[in-house]
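**Student:** coords below, sequence missing:
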């Protein structure tokens, strides 16, 4: 297992290789395997990219993203203009339903509406996150619940077992009233994300409670 000092060095190196961020703007702190990122970045996309870069590092058990988004003067936009850009971008994404709406306050975008699948909500957030002028996102999009199938736990267990990214023996599944709860331990953030993606893809799932831990 890596020491905190080793993790700090590895995360700093990974940020150096992440071309969407300026590593000189980001300070990395590590305590008991949990990474804290502090500093100022020029876009919400850069903040997200930095967090994902830290999660990619082997041995990282958690990431606290305390980066602040401060836009350059030329990137600032008034709320009405930004809302128009968000709505246009969402309308051009074939994976985002037309009933997803957006409001803007001081550069923070609130997404509302209802979708049938989690990936549609993720697409709306991804599309918004990478627009110039966005400083934050409040995602209030609801995933509709058409009724969870009775054997969802069994289906998920099979999905985990056939996945090359997930060690099914260390992940425990509970399903009730449209909510799937995942407990257990995974070895990497990639395995963690794969397990959550599989849970969200199960028929009738409205919410996923993530109680997975990153460990060895």
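**Tutor:** Structure's in. What do you need? Please read these numbers as outputs of a predicted model, since none were measured by experiment.

**Student:** Figure out how far the helix or strand bottoming out on mean pLDDT in the chain is from the centre of its chain.
**Tutor:** Across the helices and strands of the chain, mean confidence by mean pLDDT, DSSP states H and E is lowest for helix 152-162: a mean of 83. Between the mean C-alpha location of helix 152-162 and the chain-wide mean there is a distance of 22 Å, by CA atoms, centre = their mean, to the nearest Å.

**Student:** Flag every buried residue along the helix or strand that it is followed by.
**Tutor:** Read in the C-terminal direction, the helix or strand following helix 152-162 is strand 171-176, with elements assigned using DSSP states H and E. By neighbour count, and taking 16 or more other CB atoms under 10 Å as the criterion, the buried residues in strand 171-176 are 171, 173, 175. From N, CA and C alone the C-beta is placed, and that goes for glycine too.

**Student:** Pull up the gap between the residue nearest to residue 159 when sequence neighbours are not counted and residue 181, please.
**Tutor:** Of all residues beyond its chain neighbours, the one nearest residue 159 is residue 198 (4.7 Å), with distances taken as CB to CB, 6 or more residues apart in numbering. Plainly put, residue 198 is 14 Å away from residue 181 if you go by CB to CB, to the nearest Å.

**Student:** quick one: which of these two has more around it?
**Tutor:** In this comparison of residue 198 against residue 181, neighbours counted by other CB atoms under 10 Å, the higher total goes to residue 198 at 24 against 16.

**Student:** Check which helices and strands the helix or strand containing the more buried one sits against.
**Tutor:** Mapping residue 198 onto the secondary structure by DSSP H and E places it in helix 189-201. Applying 3 or more CB pairs under 8 Å, 6 or more residues apart in numbering; DSSP states H and E, one finds that helix 189-201 contacts helix 44-56, helix 118-129, helix 152-162, strand 179-186, strand 207-214.

**Student:** Ok, which of the ones you listed comes nearest residue 72?
**Tutor:** For these, the distance to residue 72 is smallest for helix 44-56, at 11.6 Å, taking CB to CB.
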